[in-house]
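S.K.: From the sequence below, what's the structure:
(2 chains)
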Amino acid sequence: MFIVKYIKDIFGAVKSLSIGMKRTLYYFTHHKEIITQQYPDNKDTLVLPERFKGEVVMPHNENNEHRCTGCQACELACPNGTIKVIFKNDLTPEGKKKKAIDKLVYHLELCTMCNLCIEACPSDAIKMAQTFEHSVYDRSQLTKVLNNPGSKIMEGVE
Amino acid sequence: MYRQTDIISDSRISPQEGDLVINVGPQHPATHGVLHLVITLNGETIKKVEPHLGYIHRSIEKMCESLTYRQFIYVTSRMDYLSAHINNHACALCVEKGLQVEVPARAQVIRVLMDELTRIASHELWWGAMAMDLGAFTPFFHAFRERETINDIMEETCGARLTMNYMVPGGVMQDLHPDFQKRVKEFIQLYKRKIHEYDELVTDNIIFQNRMKSVGYLSPEDAISYGCTGPTARGSSVSSDIRKLYPYEIYDKLEFDEVLETGGDSFARYMIRIREMHESIRIIEQLIDNIPEGDFQAKTKAVLKLPKGEFYTRVETARGELGVYIVSEGGTTPYRIKFRSPGFSNLSVLDHIARGSKIGDLVAMMGTLDLVIPDIDR
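M.R.: The predicted structure is shown next:
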């Protein structure tokens, strides 16, 4: 019977629609179930996990000393040529020449946050920071020098 | 079961007088990426669908030839970005096969846990996007609620939400986060509490069922001829689960069923993915309290060198079979890498199933094939 099936279909459609609408109404009246985070407003309370890969940084201690020996392990491990180590010759107190890093150049625009440089570093000189707002007006600002000006290698790090 | 198909001769059909040729894409929300479809129409009936590829070709296979065996894994996250973990897993497995490295038991369990979480996340996104293709906008947000929980778990343990690069040859990059087990249990509870909404909102809906049932029929013979894998083939009752057929890691010791549907239409492919999510939850429940102690990474040399030869491994991604084929000449970089991606062969079946149906159903058919365009183009 065509007409019976037709009416059954209509009632079935109305029933299944009302079940779906019930679900929608439930969330309309239960505000506690809403999980949306209001991002720019909750900036102060936003906590990112400590493993979050935002950008590569080089921590310095209070004497402006870092742990980088300039072994170039990170440069070799990087798939994109993001890190470039530039050397200079330091004079030791005995008057001998010693190789040390001048600049550790980091191209944020090439970095894919794959964590391979951090894994490769034998002296834990670099780590991932939890920053993620990297927008700048000019591309050249994305090329960063990780070691602070005038910084030295920490005592006892080989 | 094999049947000779006339794929090549079919593509020579040129539009006749009175036919309408329309272009969908490359920038179209329904194609889920930069896919260009040239559709020949007779009235509203589809005569031919011709996918044009190459808009997001990044030559990943060629790029991998210049990267070392540790470095090339991260690029594969960018192929099928929704199952990035499983792509990385396939590459790590292939390198391990060449190196003959034994992966520690803990690393194996972590890998399987991450794979199954990724599979659920991928199917959640597919479910939301699929419903959105059909005009329902709310399910997208319901799906993202659960998916977001998985992404948070990934962010905590792997440090990234989508392109994790967590698998390395010999194990995983970092140990699990201390909160991992607690968070996953919370997720399972949330999933079980909310999964009935999926049926209420979409699956049991009459409009949805009428648009899905007996639409886009794919016979088992054609599924084999076109090389379909994953849920697309299993919807046509073709057994193709690599986890069951060629078990890797610890899948042979786990209890789970290969989901099969006999319908072969869009609704069967839809139900496969919904039921696969339940199976993944079952796998996670078996493992989450039984993570063995020990190393998370096997000791490997600093510079990896594969012996001369050819290596092939395959895994089951959320979309089907992903094969990784490495030809090594004994150096630090591969001589040639080929990825057998599931999306490409699943897309090739679109012309076959769409022919003769109405243009309004095309988007529903594409939705059930679960296409990820960067996976097709690579």
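S.K.: Would you tell me which residues of chain A are close to chain B?
M.R.: Residues of chain A lying near chain B by C-beta under 8 Å from any C-beta of the partner chain: A:9, A:12-13, A:16-17, A:19-20, A:22-24, A:35, A:48-49, A:51-53, A:77-79, A:112-116, A:119, A:128. For the C-beta atoms, the positions are set from N, CA and C on the backbone; glycine is no exception.
S.K.: And for the residue most central in space within chain B, nearest residue in space, chain neighbours not counted?
M.R.: Nearest residue to the geometric centre of chain B (C-alpha atoms, centre = their mean): B:Arg319, 2.6 Å. Distance criterion C-beta to C-beta, 6 or more residues apart in numbering or on different chains; nearest residue to B:Arg319, sequence neighbours excluded, is B:Pro342 at 4.3 Å.
S.K.: Hmm, that neighbour is touching B:Leu322, no?
M.R.: Yes. Between B:Pro342 and B:Leu322 there is a contact at 6.0 Å, judged by C-beta atoms under 8 Å.
S.K.: Identify the bridge partners of B:Glu316.
M.R.: B:Glu321 (DSSP bridges).
S.K.: and the residue nearest to B:Arg319, how many neighbours does it have?
M.R.: The number of residues packed near B:Pro342 is 31, by other C-beta atoms under 10 Å in any protein chain shown.
S.K.: Roughly how far does it sit from chain A?
M.R.: According to C-beta to the nearest C-beta, to the nearest Å, B:Pro342 stands 24 Å off from chain A.
S.K.: ok, that residue - contacts?
M.R.: B:Asp80, B:Thr229, B:Gly230, B:Thr317, B:Arg319, B:Gly320, B:Glu321, B:Leu322, B:Asp375 (C-beta atoms under 8 Å, 6 or more residues apart in numbering or on different chains).
S.K.: what's the pLDDT at the residue nearest to the centre of chain B?
M.R.: Here the pLDDT value assigned to B:Arg319 is 88.
S.K.: On the three-state scheme, it is what?
M.R.: For B:Arg319, the assignment made with DSSP: H, G, I helix; E, B strand; the rest coil gives coil.
S.K.: which residues of the stretch 151-300 of chain B fall in strands?
M.R.: Per DSSP state E, counting those that start in this stretch, the stretch 151-300 of chain B carries strands over the ranges B:167-168, B:171-172.
S.K.: From the contact counts, what lies against the last one?
M.R.: In terms of contact count using 3 or more C-beta pairs under 8 Å, 6 or more residues apart in numbering or on different chains; DSSP states H and E, strand B:171-172 is assigned the packing partners helix B:105-133.
S.K.: Tally up the residues packed near B:Pro292, please.
M.R.: Quick note: B:Pro292 (other C-beta under 10 Å) scores 12 neighbours.
S.K.: Quick check: it vs chain A, distance?
M.R.: In terms of C-beta to the nearest C-beta, B:Pro292 sits 22 Å off from chain A.
S.K.: That residue against B:Ala105, yeah?
M.R.: Yes. Contact criterion C-beta under 8 Å: B:Pro292 and B:Ala105 qualify, at 4.6 Å.
S.K.: dump the residue contacts of the residue nearest to B:Pro231 when sequence neighbours are not counted.
M.R.: Leaving out its chain neighbours, the residue that sits closest to B:Pro231 by C-beta to C-beta, 6+ apart is B:Ile272, at 4.3 Å. Under the criterion of C-beta under 8 Å, 6+ apart, the neighbours of B:Ile272 are B:Pro231, B:Arg234, B:Gly235, B:Val259, B:Leu260, B:Glu261.
S.K.: Which pLDDT does the model give B:Ile272?
M.R.: 90.
S.K.: just B:Ser122 next, same as before
M.R.: 91.
S.K.: Please apply the same query to B:Gln189.
M.R.: Value for B:Gln189, per-residue pLDDT: 90.
S.K.: From B:Glu146, how far out is it?
M.R.: Distance from B:Gln189 to B:Glu146, counting by C-beta to C-beta, to the nearest Å: 11 Å.
S.K.: Tell me which of those two has more neighbours.
M.R.: The residue with more neighbours, out of B:Gln189 and B:Glu146, is B:Glu146; 22 against 10, by other C-beta under 10 Å.
S.K.: what comes up buried for the strand or helix carrying that one?
M.R.: Secondary structure from DSSP states H and E places B:Glu146 in helix B:138-158. Neighbour counts over helix B:138-158 (16 or more other C-beta atoms under 10 Å in any protein chain shown) mark B:138-140, B:142-143, B:145-147, B:149-151, B:153-158 as buried.
S.K.: If we check chain A, which of these are in contact?
M.R.: Within those, those near chain A by C-beta under 8 Å from any C-beta are B:Thr138, B:Arg145, B:Glu155, B:Glu156, B:Thr157, B:Cys158.
S.K.: for the residues you listed, which one is nearest B:Ile60?
M.R.: In terms of C-beta to C-beta, no member of these lies closer to B:Ile60 than B:Cys158, at 20.7 Å.
S.K.: In this structure that closest one contacts A:Arg51, no?
M.R.: Yes. Under the contact definition of C-beta under 8 Å, B:Cys158 touches A:Arg51, with a separation of 7.2 Å.
S.K.: now the angle between helix B:138-158 and the longest helix anywhere in chain A, please.
M.R.: As assigned by DSSP state H, the longest helix anywhere in chain A is helix A:2-29. On the basis of axes from the mean of the first three to the mean of the last three C-alpha atoms, to 10 degrees, helix A:2-29 is oriented at 50 degrees to helix B:138-158.
S.K.: Sheet-wise, list the partners of whatever helix or strand comes next after helix A:2-29 with their directions.
M.R.: Moving toward the C-terminus from helix A:2-29, the next helix or strand (DSSP H and E) is strand A:55-57. Paired neighbours of strand A:55-57 in the sheet (DSSP bridges): strand A:127-129 (antiparallel).
S.K.: Other residues contacting the strand it pairs with?
M.R.: Contacts for strand A:127-129 (C-beta under 8 Å, 6+ apart): A:51-59, A:113, A:115, A:118, B:159.
S.K.: can you give me the helices for the stretch 151-300 of chain B?
M.R.: B:180-198, B:206-212, B:220-225, B:230-234, B:242-245, B:266-288 (DSSP state H, counting those that start in this stretch).
S.K.: Deepest in the core, which of these is it.
M.R.: helix B:230-234 (a mean of 28; mean count of other C-beta atoms under 10 Å in any protein chain shown).
S.K.: for the record, mean pLDDT for that helix?
M.R.: 89.
S.K.: Okay, domains of chain A per the record?
M.R.: Domain segmentation of chain A under automatic domain parsing yields A:2-33, A:55-151.
S.K.: pLDDT below threshold where in the stretch 51-200 of chain B?
M.R.: Nowhere does the stretch 51-200 of chain B drop to pLDDT under 70.
S.K.: Name the residues of it found near chain A, please.
M.R.: B:67, B:70-72, B:74-75, B:138, B:145, B:148, B:155-160, B:163, B:165, B:168, B:173-174, B:177, B:197, B:200.
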